[in-house]
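Asks: Sequence and predicted structure below; questions after.
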Amino acid sequence: MAEKTPRRRMLEESLAESPDDAFLRYGLAMQCLREGDIAEGQQRLHALIADDPAGQIAAYQQLGQSYLDTGEVEPGLSILREGIARAKAAGDAHAAAEMQFLIDSADA
């Protein structure tokens, strides 16, 4: 893996001070994915979802997308389907539609 970017180091430092901050946890997961550290980014998104399955709708979308991007279609579709169910339960039709689009694109 390449050297960590200043942004990633800053997020890690902030998270060390506030380990339960879901916004920081999500931000660090996304930064890991951006930097190509896919395994760590996915692990962080899984942990975020495990801690708050109903409240982390964006994490489902990003995690599912990351699996699709790496060619792991079945795990990606499974996570996206779960995310759609969570989004609908939360009344977030926009997120549900975006995840459905990802599923439809993967099936094409």
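Replies: Cool, got the structure. Numbers count the residues shown, from 1 in each chain.
Asks: quick one, what contacts Ala87?
Replies: By Cβ atoms under 8 Å, 6 or more residues apart in numbering, the residues touching Ala87 are 57, 60, 93, 95-96, 99. For every residue, glycine as well, the C-beta is placed using N, CA and C.
Asks: swap that for Leu11, sorry
Replies: Here Leu11 is in contact with 24, 27-28, 31 (Cβ under 8 Å, 6+ apart).
Asks: Show me what counts as buried in the lengthiest helix in the chain.
Replies: Taking DSSP state H as the criterion, the chain has its longest helix at helix 73-89. Buried residues in helix 73-89, defined by neighbour count with 16 or more other Cβ atoms under 10 Å: 76-77, 79-80, 82-84, 86-87.
Asks: Gly36 - how many residues pack around it?
Replies: Residues lying near Gly36 (other Cβ atoms under 10 Å) number 10.
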